[in-house]
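**Student:** Quick one: sequence plus predicted model below, questions after.
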Amino acid sequence: MKRSIKRREFMQMTSAAGAIYFSGLNAMTFADSTKKLKLISPGCIKTKVRVARVYMGSSHGLWPKANLDFHAELQFYQSQFEKMKDELSDVDFVIDELVTTTEAAINLKSKLTEVDGILAIHLNIGIGEILNELLSVGKPTVVFAVPYSGHEWVNFGSLMKQPIGAKMACILTSDYSQLAAAIRPFRAIHHLREAKILNLTTRDFIEYAHSIKEQFGTDIIKIDLERMLDTFHSINEREARLLTDQWIQGATQIVEPSKEEIYKSCKLALAFEKLLAEEQAMVMTVDCYGSMFEPICLAYAFPCIGFTRLNNMGLGGICESDLRSAMTHIIFQGLVGKPGFISDPTIDESDQSIILAHCLGTTKMDGPNGPDAPYKIRTIMERQAGAVVQVQMRMNQAVTQAILASPHLIRFFTGVIIDTPVSLADDRGCRTKIKVKIDGDIEKLWKNWEHGLHRQTCYGNITKELAHFCRFKDIELINEAI
């Protein structure tokens with residue numbers, strides 16, 4: 001292994017590039033994108049999430065109290081939504097109505113056919129028939145009910161087991177921030193329908209792409225080698241050099257790669273961004289250990305820094321033409337606005353943990369507007385070549401790992417990060433690693449493991465969000481650790 005070089009020493013060995021100024025880049029630049037992005041991804045999600053916000057009340061209801069002031073109730077809820085306006089900046093409440101009779105609910109149904117979902121807010125007792133009419137439209141519907149809103153909750157469980165309740169989920173809480181959480185599954189459905197994945201490969205994936213298009217509406221497009229190379233060669237050298245210096249300046253350490261190796265990776269990163277902008281796509285993946293290994297990785301550059309950069313921007317960069325991980329990544333982005341971390345796992349039964357490792361790390365695991373994790377720039381471990389970002393993730397962070405194993409199946413588990421090994425002496429496995437103590441039984445997890453090696457891991461326990469999403473899309477959800 002080459003001698004480790006501190007960032008300051010490395011920069012002194014290279015020519016100064018002056019101030020970082022990306023005047024020539026397109027609108028989705030790394031320099032300014034993280035200041036703008038929230039949950040909606042730029043350049044790919046073309047329209048806002050369309051939500052019907054329906055307040056359900058009964059004029060003859062006597063509980064939680066007689067003569068409930070609906071006007072005051074709606075004003076209060078509007079004040080709660082105002083607090084969440086940033087998180088809901090990509091949401092258009094195309095219907096925003098108080099419904100107090102069954103007849104009014106029936107008249108509303110024709111307007112609900114084009115929405116992504118219905119947020120039904122329970123105000124008082126006596127709304128059973130109103131809710132039934134809303135559910136009969138067949139749109140994803142989340143019922144939000146605070147304590148004292150009514151006694152209808154005693155029937156919600158049985159209603160969800162009936163055909164009319166197949167698209168129904170419930171959030172029964174006094175936590176009004178969960179109004180935003182209620183909309184997250186609608187956003188994920190919307191993102192999938194409008195998203196496009198670019199796949200640089202010579203392999204055939206037509207059958208899989210067709211099944212994904214049919215279930216979710218997502219387009220998966222093949223990018224050929226000639227177009228990729230033309231785009232790579234079109235990137236301005238100055239812009240690539242400036243991006244190179246930014247990555248170097250941000251690193252805590254440059255270990256093996258030369259500046260020229262990092263430069264080639266940054267040039268490829270800008271080419272990925274250009275392709276996504278041209279196609280109005282969300283995710284880029286490359287068959288980097290298959291048909292594109294020699295013509296792209298060996299001849300020009302490995303895609304890892306480019307993938308990290310896209311993930312940091314709220315878009316997506318996915319290793320090895322892994323289309324299932326690409327789809328899972330989009331689901332994570334829609335549900336919680338956070339990227340996934342692809343991993344090759346290994347088991348440690350001694351402390352009920354699983355080690356998740358990959359040479360591709362993402363520094364903004366909290367999303368584009370979140371903090372930056374420390375990183376080193378390394379080679380790819382098993383190749384001892386290229387340039388990758390070795391990220392030190394956050395200790396004691398809850399995580400969810402999942403994979404869209406098929407269009408109708410998601411496998412998942414949850415846990416907490418108990419170690420983030422990044423020392424140079426720890427040279428086994430891939431560069432970025434987290435050790436996760438699972439919520440469940442580690443033996444059951446590895447015995448239940450199916451559908452290949454890769455999974456995607458995001459920050460946070462998002463079990464409820466996944467459950468609602470899967471219910472709305474008729475997807476089986478399996479916890480592998482129980």
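**Tutor:** Noted; the coordinates are in hand.
**Student:** Mind listing residues that contact whatever helix or strand Ala120 lives in?
**Tutor:** Remark: Ala120 resides in strand 117-122, with elements defined by DSSP states H and E. Strand 117-122 has contacts (Cβ atoms under 8 Å, 6 or more residues apart in numbering) with 49, 51-56, 77, 112, 131, 134, 137, 139-146, 149-150, 152, 179, 182-183, 185-186, 189, 472. Where C-beta positions appear, they are placed from N, C-alpha and C, glycine not excepted.
**Student:** Show me the residues you listed that map onto strands.
**Tutor:** If you go by DSSP state E, the contacts of strand 117-122 have 49, 51-56, 141-145 in strands.
**Student:** Show me which of those residues is closest to Glu273.
**Tutor:** For these, the closest approach to Glu273 (Cβ to Cβ) belongs to Val49, at 24.5 Å.
**Student:** that older thread, as CSV, the ones in strands among the contacts of strand 117-122 with distance to Gln253, neighbour count and pLDDT would be great.
**Tutor:** Conversion of these to CSV gives the following (distance: Cβ to Cβ, whole Å; neighbours: other Cβ atoms under 10 Å; pLDDT from 0 to 100):
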residue, distance to Gln253, neighbour count, pLDDT
Val49, 41, 26, 94
Val51, 46, 25, 98
Ala52, 52, 24, 98
Arg53, 50, 23, 98
Val54, 54, 24, 98
Tyr55, 55, 21, 98
Met56, 57, 27, 97
Thr141, 51, 25, 98
Val142, 46, 25, 98
Val143, 51, 28, 98
Phe144, 48, 23, 98
Ala145, 52, 20, 97
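**Student:** what's the closest of these to Phe216?
**Tutor:** Nearest to Phe216, judged by Cβ to Cβ, of those is Val49 at 15.0 Å.
**Student:** ok, the closest one to Leu179 distance?
**Tutor:** Taking Cβ to Cβ, to the nearest Å as the measure, Val49 falls 14 Å from Leu179.
**Student:** Over to Ile223?
**Tutor:** Counting by Cβ to Cβ, the separation of Ile223 from Leu179 is 40 Å.
**Student:** give me every residue that touches the closest residue to Ile189 other than its chain neighbours.
**Tutor:** What sits nearest to Ile189 in space, not counting adjacent residues and going by Cβ to Cβ, 6 or more residues apart in numbering, is Asp116, at 5.8 Å. Residues in contact with Asp116, defined by Cβ under 8 Å, 6+ apart, are 49-51, 139-140, 186-187, 189-190.
**Student:** before we move on, the earlier item: which of the ones in strands among the contacts of strand 117-122 lies at the shortest distance from Arg383?
**Tutor:** Each of the ones in strands among the contacts of strand 117-122 was scored against Arg383 by Cβ to Cβ, and Val49 proved nearest at 41.1 Å.
**Student:** Let me know whether the closest one touches Phe186 as I believe.
**Tutor:** Yes - with contact defined as Cβ atoms under 8 Å, Val49 counts as touching Phe186 (5.6 Å).
**Student:** Do me a favour and get the end-to-end distance for stretch 364-380?
**Tutor:** The distance separating the two terminal residues of stretch 364-380, taken as Cα to Cα, to the nearest Å, comes to 20 Å.
**Student:** follow-up on the earlier one: want to try CSV for the ones in strands among the contacts of strand 117-122, with distance to Leu360 as columns?
**Tutor:** Supplementary listing: those in CSV, determined by distance: Cβ to Cβ, whole Å:
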residue, distance to Leu360
Val49, 29
Val51, 34
Ala52, 39
Arg53, 39
Val54, 43
Tyr55, 45
Met56, 46
Thr141, 38
Val142, 34
Val143, 40
Phe144, 38
Ala145, 42
